[in-house]
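Asks: sequence unknown, structure follows:
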């Protein structure tokens, strides 16, 4: 016991007590700051994407076969509810004004892409084009690239990611 007592007395010096107290206060404030920053940064994003997935509908434009394939790609993940994925036939493009996310099958409705862009509600309406690699001509690709909120997806996994990103980026103004 006599060996440990001088060490205890040394660290009981008022300088160590003050430095230790200040360190605890700074560490506590740092933890509180991190918790506040994380909650203010992540919480709005989580609510925004949750509300977007729960309330917004994805309109798939194309043939019924393309609709079935794309709907299965989206709903198999169980992120989207099946009732929120709807079919808009190629001959009824005027219905797209009601929706804020448009998923277009290039193979069956690529020839009507200009009509689809004109029919969308505004530039905040996200347009996601699902096409196989190299199927979109370069001049049409350049035209698509110059439009806002437009994405071209070539893979099923990328398609889901692009839909989620579009839901986040276009879910402002209370929609």
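Replies: On my side now, so go ahead. Fair warning: this is a prediction, and the values are worked out from it, not measured in the lab.

Asks: which one's the longest helix in this protein?
Replies: The longest helix of the chain (DSSP state H) is helix 14-55.

Asks: Could you point out the helix or strand that follows it?
Replies: The first helix or strand that comes after helix 14-55 along the chain, using DSSP states H and E, is strand 58-61.

Asks: what comes into contact with that next one?
Replies: 66-67, 70-71, 74, 80, 84-90, 93, 95-96, 98-99, 101-105, 109, 116, 163 (C-beta atoms under 8 Å, 6 or more residues apart in numbering). For every residue, glycine as well, the C-beta is placed using N, CA and C.

Asks: Give me the buried subset of the residues you listed.
Replies: For the contacts of strand 58-61, a neighbour count by 16 or more other C-beta atoms under 10 Å gives the buried set as 66-67, 70-71, 74, 80, 84-85, 87-88, 90, 93, 96, 99, 101-105, 109, 116, 163.

Asks: So which of these belong to helices?
Replies: 66, 67, 70, 71, 74, 109, 116, 163.

Asks: need the contact list for the last one.
Replies: In this structure, residue 163 makes contact with 58, 74, 80, 101, 103, 128, judged by C-beta under 8 Å, 6+ apart.
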